[in-house]
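*Asks:* sequence-free structure coming up:
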Ligand SMILES: [Zn+2]
């Protein structure tokens, strides 16, 4: 009856240090290389995605993309 060692249910987010609910290796665990791995909660992943999407949107503004593809 060892509930504490039940596995991955008590992983903490590397970025915000909160406990990760419904931890899943597939979604929350990121291996950078042999020596570095991080666990990231959904909130941080969402923030990360929005942040990156904003960067990509700036890098590839739709108007410019349209010009490139409609010029031919
Ligand atoms: Zn987090």
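*Replies:* In hand now; what should we look at? Owing to the predicted nature of the structure, the values given are computational and were not obtained by experimental measurement.
*Asks:* so where is this structure shaky, pLDDT-wise?
*Replies:* Residues of the chain meeting the criterion pLDDT under 70: 1-9, 71-72.
*Asks:* residues in it within reach of the ion, list them.
*Replies:* Neighbours of the ion within the chain, by C-beta under 5 Å from the ion: 13, 15, 16, 41, 44. Glycine gets a C-beta too; all of them are placed from N, C-alpha and C.
*Asks:* Now list the buried members of these.
*Replies:* For those, a burial check counting by 16 or more other C-beta atoms under 10 Å picks out 13, 41, 44.
*Asks:* Surely the first one is in contact with residue 47?
*Replies:* No: between residue 13 and residue 47 there is no contact under C-beta atoms under 8 Å: 11.1 Å.
*Asks:* those strands in this structure, which residues are they?
*Replies:* Taking DSSP state E as the criterion, the chain contains strands spanning 29-33, 36-39.
*Asks:* Direction included, what does the shortest one pair against?
*Replies:* According to DSSP bridges, strand 36-39 forms sheet pairs with strand 29-33 (antiparallel).
*Asks:* Show me how far the strand it pairs with is from its chain's centre.
*Replies:* Centroid separation for strand 29-33 versus its chain: 11 Å, with C-alpha atoms, centre = their mean, to the nearest Å.
*Asks:* Tell me which of the strands of the chain sits most buried.
*Replies:* Among the strands of the chain, strand 36-39 has the highest mean neighbour count (mean count of other C-beta atoms under 10 Å), at a mean of 12.
*Asks:* which other residues reach it?
*Replies:* 11, 12, 13, 14, 15, 20, 23, 28, 29, 30, 31, 32 (C-beta atoms under 8 Å, 6 or more residues apart in numbering).
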